[in-house]
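Asker: fold the following.
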Amino acid sequence: MTVRIGVLGGSGYTGRELLRILARHEGVEVTFATSRSAVGDPTPIPRLRFTEADLERAEDLDALFLCLPHGAAAEWVQALPEGPRIIDLTADHRPGSGRESAAVYGLAELNADEVAGARLVANPGCYPTGVIGALRPLLDEELVDRDRLVVVNAASGVTGAGRTPRTDLLFAEVEANFRAYGEGNRHRHLREMRALLEGTSLLFQPHLLPVSRGILETIIVPVPEGVGPEAIRAAWEERYGTEGAVRVRERRLPELRDVVGTDLLALGAAAVDGIDPPVVTVVAALDNLGKGAAGQAVQNFNRMFGLPANQALRLSPP
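Answerer: Presented below is the predicted three-dimensional model:
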């Protein structure tokens, strides 16, 4: 079976990463990739060029990936009530958007069965993938003290801000620098995290790393007495096993070099001395363009079409 695919918004960082992954995916045919700014430019797939969007062509597809600006994807979903199955990489249908009831949330390892039967999948945000992937199994096993604050310090490479030129993202502004942004617990991804981590008091502080890609999230998790890193790692192992794209680090905490250029989420935990009541340090690492966007979208696509869950994914650093 050949699955006919279209990619809307293929010239952004996420769209180009998605096309690179699909180029190595057996059994798919990328029929077209669109772009408002790069019509006629080559894509990462030989002999394929960016074109203008066309509703009639989209109706004939088996699957459509939406890598559009936030707000634009919902219009395409409304325009295609019947037709291709859709994977939306924008925030338009994620929890907290007001449109989430129409979509299945595509955190691939947590919602595999729901994704398999979905017509519309909301691909998670990059920051929420790490935070929710780390915390959801711990909450389900009652390994988190919900009466206390969970603190997340997260840092992302500059591709997380998109490909549109901005002064504050110029090389001279970013190189040899490290800064916080979105202060005040107001980052737009918080609504998504809170919806999936219901009842959790969450403080989320993002930072900008002077690198092109990659996310590292250090999470201070309040735990009940007697809960340590071993129990946390066991909960992850029980939930994720070895079949998905999550890897649990036993001997050291994850680093960016473990995940950049891959579609992996790496998790680790460490004990914290001298704090009462107790906490554990949890670290989540992922590539914001891989597991945080395009790689997870391909995972969801595989589930939707009954293909091997990890087909075409990059599960080791290049």
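Asker: drop to CA atoms for contacts and neighbour counts, all remaining ones
Answerer: Noted.
Asker: now the strands for the stretch 151-300 of the chain?
Answerer: Along the stretch 151-300 of the chain, the stretches classed as strands by DSSP state E, counting those that start in this stretch are 179-180, 202-208, 215-222, 246-248, 265-271, 279-286.
Asker: mind checking the SS state of Leu135?
Answerer: Here Leu135 is recorded as helix under DSSP: H, G, I helix; E, B strand; the rest coil.
Asker: residue contacts, it?
Answerer: Taking C-alpha atoms under 8 Å, 6 or more residues apart in numbering, we find Leu135 in contact with Leu197.
Asker: for Phe305, see how far away it is.
Answerer: As judged by C-alpha to C-alpha, to the nearest Å, Leu135 and Phe305 stand 28 Å apart.
Asker: same check on Glu175?
Answerer: From Glu175 to Phe305 the distance is 42 Å (C-alpha to C-alpha).
Asker: circling back to that earlier point, okay, the strands of the stretch 151-300 of the chain, which one's buried deepest?
Answerer: Counting by mean count of other C-alpha atoms under 10 Å, strand 279-286 has the highest mean neighbour count of these, with a mean of 26.
Asker: helices and strands around that strand, which ones?
Answerer: helix 126-140, strand 215-222, strand 265-271 (3 or more C-alpha pairs under 8 Å, 6 or more residues apart in numbering; DSSP states H and E).
Asker: ok, Arg119 touching Asp88?
Answerer: No. Using C-alpha atoms under 8 Å, Arg119 is not in contact with Asp88; the gap is 10.7 Å.
Asker: more neighbours: the two, which one.
Answerer: Asp88 (28 against 18; other C-alpha atoms under 10 Å).
Asker: wait, doesn't that one sit right on Cys67?
Answerer: Yes. Assessed by C-alpha under 8 Å, Asp88 is found in contact with Cys67 at 6.9 Å.
Asker: find the residues that touch each one of those two.
Answerer: Ala73.
Asker: returning to that earlier point: closest to Asp92 out of the strands of the stretch 151-300 of the chain?
Answerer: Closest to Asp92 of the strands of the stretch 151-300 of the chain is strand 202-208 (C-alpha to C-alpha; 21.0 Å).
Asker: pull up the pairing partners for that closest one, direction included.
Answerer: Partner strands and pairing direction for strand 202-208 (DSSP bridges) are strand 150-156 (parallel), strand 179-180 (antiparallel).
Asker: ok, residues contacting the first one?
Answerer: Residues from elsewhere that reach strand 150-156, judged by C-alpha under 8 Å, 6+ apart: 127, 131, 200-209, 213-222, 288.
Asker: what's the angle from it to helix 126-140?
Answerer: 150 degrees (axes from the mean of the first three to the mean of the last three C-alpha atoms, to 10 degrees).
Asker: any idea how far strand 150-156 is from the middle of the chain?
Answerer: Put simply, strand 150-156 sits 15 Å off its chain's centre (C-alpha atoms, centre = their mean, to the nearest Å).
Asker: ok, now stretch 304-311?
Answerer: Relative to the mean C-alpha coordinate of its chain, stretch 304-311 is positioned 17 Å out (C-alpha atoms, centre = their mean).
Asker: straight-line length of that stretch, end to end?
Answerer: Per C-alpha to C-alpha, stretch 304-311 runs 13 Å from first to last residue.
Asker: stretch 308-318 too?
Answerer: End residues of stretch 308-318 are separated by 21 Å (C-alpha to C-alpha).
Asker: go on, stretch 248-265?
Answerer: 9 Å.
Asker: neighbouring contacts of that stretch?
Answerer: 130, 213-216, 233, 236-237, 245-247, 266-270, 283-287, 290-292, 295-296, 313-318.
Asker: and Thr31, that one's in a helix?
Answerer: No. Under three-state DSSP, Thr31 falls outside any helix and is assigned strand.
Asker: that one and Glu59: what is the separation?
Answerer: 12 Å.
Asker: of these two, give the one with the bigger neighbour count.
Answerer: Each of Thr31 and Glu59 has its neighbours counted (other C-alpha under 10 Å); Glu59 has more, 18 against 15.
Asker: stretch 74-86: end-to-end distance?
Answerer: The stretch stretch 74-86 measures 11 Å between its terminal residues, going by C-alpha to C-alpha.
Asker: about what we covered before: want to try TSV for the strands paired with strand 202-208, with distance to Arg47 and mean pLDDT as columns?
Answerer: Listed next are the strands paired with strand 202-208 as TSV, based on distance: least, C-alpha to C-alpha, whole Å; pLDDT from 0 to 100:
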stretch	distance to Arg47	mean pLDDT
strand 150-156	33	98
strand 179-180	41	95
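Asker: export those to CSV and append columns for distance to Val39.
Answerer: Output for the strands paired with strand 202-208, formatted as CSV (distance: least, C-alpha to C-alpha, whole Å):
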stretch, distance to Val39
strand 150-156, 30
strand 179-180, 35
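Asker: deepest-packed of the ones you listed, please.
Answerer: strand 150-156 (a mean of 21).
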